[in-house]
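Visitor: Predicted structure and sequence below. I'll ask about it afterward.
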Amino acid sequence: MQIPAPGPELLARPQLFQLPEFEPDPALWTRIEAAHQRRTSARRNRRIGWLAGGLAAACAVITLLPVTRDRSADSVAVWQQRSQELEREWQSQSRVQLDPRARAQLRLIDLDLQSAYDRGADELELVPLWKLRNALLRELVDGSGETTRLVTRI
């Protein structure tokens, strides 16, 4: 049986005994603790900074996302174009005179739209008005205005 060769720790032991012994500076532990506190604080501050940056980015995305979505699907130009198409479709199939009530409703919506444009309204105010106009025109197209033309007397 062969005896294992001594490891590096056994070889270094005699050299360790030759090192001088001394008392450390009494302020050493205070400096070590202060350095540890600085590193801990720096790590915590970095984490808080990253968290705050992430929250700010999330708030910016949440704030800007509806604006970009509204401009793509709910822009004034899109609703205005739909309104023009509905009006052409309604006028092409309309054979009889429009009921005065439907004409008055359409005229009121048009006046509200004109008023909004005159005072420089933004899309948040204009889009609902265009949607309302389109809903009325869609009703007239789908029903050919017949439901609004009938007057019932009792």
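Guide: Perfect, I can see it now.
Visitor: So Phe22, which state does it fall into?
Guide: Classification of Phe22 using DSSP: H, G, I helix; E, B strand; the rest coil returns coil.
Visitor: which ones are touching it?
Guide: Contacts here follow Cβ atoms under 8 Å, 6 or more residues apart in numbering; on that basis Phe22 touches nothing. Any C-beta I mention is one placed from the backbone N, CA and C, and that applies to glycine too.
Visitor: Need the pLDDT of it.
Guide: We have a pLDDT of 84 for Phe22.
Visitor: Who are the packing partners of whichever strand or helix holds Ala58?
Guide: Element membership for Ala58 (DSSP states H and E) is helix 28-73. Under the contact criterion of 3 or more Cβ pairs under 8 Å, 6 or more residues apart in numbering; DSSP states H and E, helix 28-73 touches helix 123-143.
Visitor: For the residue lying closest to Leu132 once chain neighbours are set aside, give me its contacts.
Guide: Distances taken as Cβ to Cβ, 6 or more residues apart in numbering put Ile109 closest to Leu132, at 5.7 Å, once the chain neighbours are dropped. Counting by Cβ under 8 Å, 6+ apart, Ile109 touches 129, 132-133, 136.
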